[in-house]
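K.L.:
Below are the sequence and a predicted model; questions follow.
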Amino acid sequence: MDVIKNQILNVDNLSIGYPSITIAKNISFSLEKGSLCAIVGINGVGKSTLLRTLGGLQAKKSGEIEIDNQKLESLSTLQLAQKRSMVLTEQTTSKNLTVQELIALGRQPHTNWLGRLSTNDKKRIQQSIRTFLLDKLRYRKCHELSDGQFQRVLIARAMAQDTPLILLDEPTTHLDLHHKVQILKLLQQLAHEQNKTILFTTHEIDLAIQTCDSMLILDGNQNPFGEPCQLIEEKHFNTLFPSDMVQFDATTGTYKVKK
Ligand SMILES: Nc1ncnc2c1ncn2[C@@H]1O[C@H](COP(=O)(O)OP(=O)(O)OP(=O)(O)O)[C@@H](O)[C@H]1O
């Protein structure tokens, strides 16, 4: 029973895809509350499709998705917005808003019909600004920010939405190594200190191995899931890419270019 209570996302035998094609099948995993999990896999395998399906933006082909022990399809739009927040790569957002205004939009599922911000809403917005190191940028227009700064704002908006589950599509893309690590550390902190469950897609396999509590290797058929060290021991990273170019080094948890 306790195990069920501690899980926020349960995925069972899920198939994903589009009306005329199934892209990946046999996807089964569960996420504990307060954990950070990465979805990795080669280009085009279906990471973004999976994230959109889990977030209820796209229909599944078959299988079960439960958020907080409720079937995804039984949740109303408002209930869904109170259970999960999302940051997508192709998201259209008005960059004419200030940082603070954009983050405040995260409170929409919680505000009354007038859309007025309560004291609690303002507190949540302030917390998100502080957590994602945006104090000095709060009155800047979003179009004046660098890619890395804007990425932090989008994640801060998701945090302000204050949902138990946060889904992020490639949150570290376009960032330099320092800022990739900064974002991943902030996500880890948010998961562990504020009990948020964060699931994100990434190509940064080495960094995900070092920072995540669990990982899903999407390969379309087996889709192994587990703690990074368990996946390394079971040699799942060794076969992720064709072996003529790169080789996984289990001792360092990194890929090396083959000479
Ligand atoms: N609207 C669509 N209709 C049909 N097929 C689609 C559609 N959108 C994407 N696909 C296909 O679905 C597959 C999975 O795409 P998806 O973007 O989910 O992969 P990904 O793992 O996130 O890729 P990447 O690592 O390159 O970002 C691809 O083969 C893509 O061409």
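P.N.:
Perfect, thanks for sending it.
K.L.:
Not counting its own residues, what contacts the longest helix along the chain?
P.N.:
Ranked by residue count and defined by DSSP state H, the top helix of the chain is helix 177-194. Residues outside helix 177-194 that contact it (C-beta atoms under 8 Å, 6 or more residues apart in numbering): 34-36, 131-133, 148, 151-152, 155, 159, 166, 168, 171-172, 175, 196-198, 200, 204, 207-208, 211-213. From N, CA and C alone the C-beta is placed, and that goes for glycine too.
K.L.:
Report how many residues lie close to Arg124.
P.N.:
By other C-beta atoms under 10 Å, the residues close to Arg124 number 21.
K.L.:
Distance-wise, check it relative to Gln149.
P.N.:
Look at Arg124 and Gln149: by C-beta to C-beta, to the nearest Å, they are 20 Å apart.
K.L.:
what's the answer for Gln100, then?
P.N.:
Counting by C-beta to C-beta, the gap from Gln100 to Gln149 is 13 Å.
K.L.:
Flag the shaky bits of the stretch 101-250 of the chain, pLDDT-wise.
P.N.:
Confidence mapping of the stretch 101-250 of the chain against pLDDT under 70 gives the ranges 112-115.
K.L.:
so where do the helices sit in it?
P.N.:
Ranges of helices within the stretch 101-250 of the chain are 119-131, 147-160, 177-194, 205-211, 228-233, based on DSSP state H, counting those that start in this stretch.
K.L.:
Show me what the fourth one packs onto, helices and strands only.
P.N.:
Pointing back at helix 205-211 there. Applying 3 or more C-beta pairs under 8 Å, 6 or more residues apart in numbering; DSSP states H and E, we find helix 205-211 packed against strand 36-40, helix 177-194, helix 228-233, strand 254-257.
K.L.:
roughly how far out does that helix sit from the chain middle?
P.N.:
The chain centre lies 14 Å from the centre of helix 205-211; the measure is C-alpha atoms, centre = their mean, to the nearest Å.
K.L.:
What of the shortest one?
P.N.:
Shown here is helix 228-233, whose average C-alpha point lies 21 Å from the average C-alpha point of the whole chain (C-alpha atoms, centre = their mean).
K.L.:
Make residue 1 into 556 and carry on from there
P.N.:
Renumbered: residue one is now 556, and that last one reads helix 783-788.
K.L.:
For it, list every residue counted as buried.
P.N.:
Across helix 783-788, burial judged by 16 or more other C-beta atoms under 10 Å covers 783, 786-787.
K.L.:
Can you tell me what sits against that helix?
P.N.:
With C-beta under 8 Å, 6+ apart as the criterion, helix 783-788 contacts 763-765, 767, 769-770, 772, 779, 792, 805, 808.
K.L.:
now with 10 Å?
P.N.:
593, 595, 760, 763-772, 779-782, 791-793, 795, 803-806, 808 (C-beta atoms under 10 Å, 6 or more residues apart in numbering).
K.L.:
cool, and the fourth one?
P.N.:
Helix 760-766 has contacts (C-beta under 10 Å, 6+ apart) with 591-596, 727, 732, 735-736, 738-740, 742-743, 746, 755-757, 759, 769-770, 772, 782-784, 786-787, 792, 795-796, 803-804, 807-810.
K.L.:
per-residue pLDDT, the nearest residue to Leu754 once chain neighbours are set aside?
P.N.:
If the residues on either side of it in the chain are set aside, Leu754 comes closest to Cys592, at 4.9 Å by C-beta to C-beta, 6 or more residues apart in numbering. According to the prediction, Cys592 has pLDDT 98.
K.L.:
Cys592 against Leu773, yeah?
P.N.:
No: applying C-beta atoms under 10 Å as the test, Cys592 and Leu773 come out as separate, 11.9 Å apart.
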